[in-house]
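>>> using only what follows, build the 3D model:
(one chain, ligands or ions: 1)
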Amino acid sequence: MLAIDPKIAADPFPTYELLRGADPIVRGPVVSSTVDHQAANEILRSDDFGTAAGHAELPPFLRRVLERVADPYSLSPVDKPSLLALDPPDHTRHRKLVARAFTARRITALEDRVTSVAEKLLDELDGGSFDLVERYAARLPVAVIADLLGVPEEQHDWLLDWGNRAAITLDPGLTFREFRDAETALRRMHHWFDEHVAQLRRNPGDDLLSQLALIDGEDALTDLELRAIGLLVLGAGFETTVNLIGNAVVNLAAHPEQRDLLVAEPERWPNAVEEVLRYDSPVQLTVRSALRDTVVAGTPVPEGLGILVLLGGVNRDPKVFTDPQAFDVTRANPDQHLSFSAGVHFCLGASLARLEAVTALRTLYARYPDLELAEAPVRRGTRVLHGYEQVRVMTGSPVPA
Ligand code: HEM
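Got it, this is the predicted structure:
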């Protein structure tokens, strides 16, 4: 139900509470799930679980068939050889390579760039009423990721369009039409990446993909692996951050007293971003499959069991968070959320996402301290990715830059 009912996808939180009972893992006829913080933490950090190539919800036979027929030109960000679909030791090797691009030094170096993109986007707006997602929240991450991938500015618009269409493959329960549309977008992206990688191999820049393409010897990456990394950074990098910024604006509009506090004391923004991550996680779930018989939070788990780790529900576990259904930017421990996962797949872009969100929000509200919604925001139809497609806002009177 969680995976396919659009009403539940729009507001999954009451359903999570129905799953919160005596058992940390709720066994279902097709798939099991957890909203328990301790169980989720154990599963995500345990060697006894694997990613099952992103298809843990399927029986093993179907999984094998799917892998056999998979076409390398329509693989999505959750298909092998994407990091998200690999288990150690393959995962360990790839992750080490990609992690080079996300060192603290590299992220700090991006700070000025993120601030100047945010300022420029706000300068282009003339106040009044506008769609915050289209004009701001979506554009900032695209510019940052495009820099990482060495994509020139004139190609940002269609990168965003493809990303929107391909991101839907992160979701279970696609309709055939959605699947076809996403597949066409992915195919185009793969071909474009082929050309782009060839171009970067000939004429490397300072970006992540160029650096990875230059590695030779034992660690050299194939074109397919480079495409997979590019696609993952694209999919993981902007469809998530756009939702984080959008979710923050919607929640702050519902709590103007908290917005005013942040405007008055901007050093509180990092904690506020953690609370948005906890309360309205941009990624609502991930999947793991037991590689062998094991025990989680005292509960036996048989080999082959697929478990939906419902991050959005885990983040509202009353055993960890006081008054978990309340949005409170002054909460003492919001950063205990699992919105960036945990263990070997812990989000590689977490510090970048935090930097982008804090900078985007601080800059936005410094310019428009009275920002509020102009009309009811429109949700995306996706189930894994959780956020808004459209957030029309009214800016009130701007503070001069
Ligand atoms: C609010 C923003 C973001 C959220 C909520 C988020 C969330 C996540 C989650 C939950 C996972 C792990 C999934 C699993 O355990 O199965 C993940 C993995 C990953 N994320 Fe993020 N992410 C965000 C932003 C970013 C950004 C900005 C980048 C890169 C520019 C990025 C790159 C990655 C990569 C490369 C992985 C795969 C790591 C691995 O499998 O080893 N993410 N992210």
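
>>> okay, CA-based contacts and neighbour counts for the rest of this
Fine.

>>> the bottom helix or strand of the chain by mean pLDDT?
Ranked by mean pLDDT, DSSP states H and E, the weakest helix or strand in the chain is helix 60-69, scoring a mean of 43.

>>> give the next helix or strand downstream of that one.
helix 90-99 (DSSP states H and E).

>>> which part of the stretch 151-300 of the chain gets nearest to the ligand, residue-wise?
residue 237 (3.6 Å; Cα to the nearest ligand atom).

>>> contacts only, for that residue.
141, 145, 349, 353 (Cα atoms under 8 Å, 6 or more residues apart in numbering).

>>> and with 10 Å instead?
141-142, 144-146, 163, 231, 347-350, 352-353 (Cα atoms under 10 Å, 6 or more residues apart in numbering).

>>> which of those are buried, as a PyMOL select command?
Of the contacts of residue 237, the buried ones can be selected in PyMOL as follows, counting by 16 or more other Cα atoms under 10 Å:
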select buried, resi 141+142+144+145+146+163+231+347+348+349+350+352+353
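
>>> if we check the ligand, which of the contacts of residue 237 are in contact?
145, 347, 348, 349, 350, 352, 353 (Cα under 6 Å from any ligand atom).

>>> need the max-distance pair from the residues you listed.
145 and 347 (14.9 Å; Cα to Cα).

>>> related to what we said a few turns ago, what helix or strand is the residue of the stretch 151-300 of the chain closest to the ligand on?
Per DSSP H and E: helix 223-254 holds residue 237.

>>> again, but for residue 361
With DSSP H and E as criterion, residue 361 is part of helix 350-367.

>>> how about residue 295?
Going by DSSP H and E, residue 295 is in strand 294-296.

>>> adjacent strands (with direction) for that strand?
Paired strands of strand 294-296, with direction, are strand 299-301 (antiparallel) (DSSP bridges).

>>> so where's this protein shaky on pLDDT?
Filtered on pLDDT under 70, the chain yields the residue ranges 1-6, 52-81, 101, 166-179, 397-398, 400-401.

>>> do a quick rundown of the strands in it.
All strands of the chain, identified by DSSP state E, fall at 32-34, 49-50, 129-131, 286-290, 294-296, 299-301, 306-309, 372-373, 378-379, 388-390, 392-394.

>>> any idea which helix or strand comes after the third one?
So the one you mean is strand 129-131. Assigned by DSSP H and E, the successor of strand 129-131 is helix 132.

>>> which strands or helices does that next one pack on?
For helix 132, the packing partners by 3 or more Cα pairs under 10 Å, 6 or more residues apart in numbering; DSSP states H and E come out as helix 223-254, strand 392-394.

>>> right, so these: which one is the most enclosed?
Counting by mean count of other Cα atoms under 10 Å, helix 223-254 has the highest mean neighbour count of the helices and strands packed on helix 132, with a mean of 23.

>>> by how many degrees do that helix and helix 350-367 diverge?
Helix 223-254 runs at 40 degrees relative to helix 350-367, counting by axes from the mean of the first three to the mean of the last three Cα atoms, to 10 degrees.

>>> ok, what's across the strand from residue 378?
Beta-bridge partners of residue 378, as defined by DSSP bridges: residue 390.

>>> tell me how many other residues crowd it.
13 (other Cα atoms under 10 Å).

>>> how about the contacts made by it?
Residue 378 touches 10, 387, 388, 389, 390, 391, 392, counting by Cα under 10 Å, 6+ apart.

>>> I'd say the first one and residue 377 touch.
When you say that, I think you mean residue 10. No. Taking Cα atoms under 10 Å as the definition, residue 10 is not a contact partner of residue 377, at 11.7 Å.

>>> got any residues that touch both of those two?
387, 388.

>>> how many other residues sit next to residue 187?
Neighbours of residue 187 (other Cα under 10 Å): 18.

>>> kindly report the same for residue 199.
By the measure other Cα under 10 Å, the count of residues near residue 199 is 12.

>>> residues from the stretch 101-250 of the chain in reach of the ligand?
145, 232, 233, 236, 237, 240, 241, 244.

>>> the closest residue to the last one other than its chain neighbours - how many residues pack around it?
Which is residue 244. Excluding its sequence neighbours, the residue lying closest to residue 244 (Cα to Cα, 6 or more residues apart in numbering) is residue 282, at 5.7 Å. Residues lying near residue 282 (other Cα under 10 Å) number 28.

>>> also residue 125?
By other Cα under 10 Å, 12 other residues sit near residue 125.

>>> for it, grab phi and psi.
Main-chain dihedrals, residue 125, degrees, to the nearest 10: phi -90, psi 140.

>>> so who does it touch?
Applying Cα under 10 Å, 6+ apart, the residues near residue 125 are 135, 136.

>>> how about the residues of the stretch 251-400 of the chain by the ligand?
282-283, 286, 339-341, 344-350, 352-353.

>>> just flag the most distant two among the residues you listed.
286 and 352 (20.5 Å).

>>> touching, residue 121 and residue 127? I think so.
No. Applying Cα under 10 Å as the test, residue 121 and residue 127 come out as separate, 11.4 Å apart.
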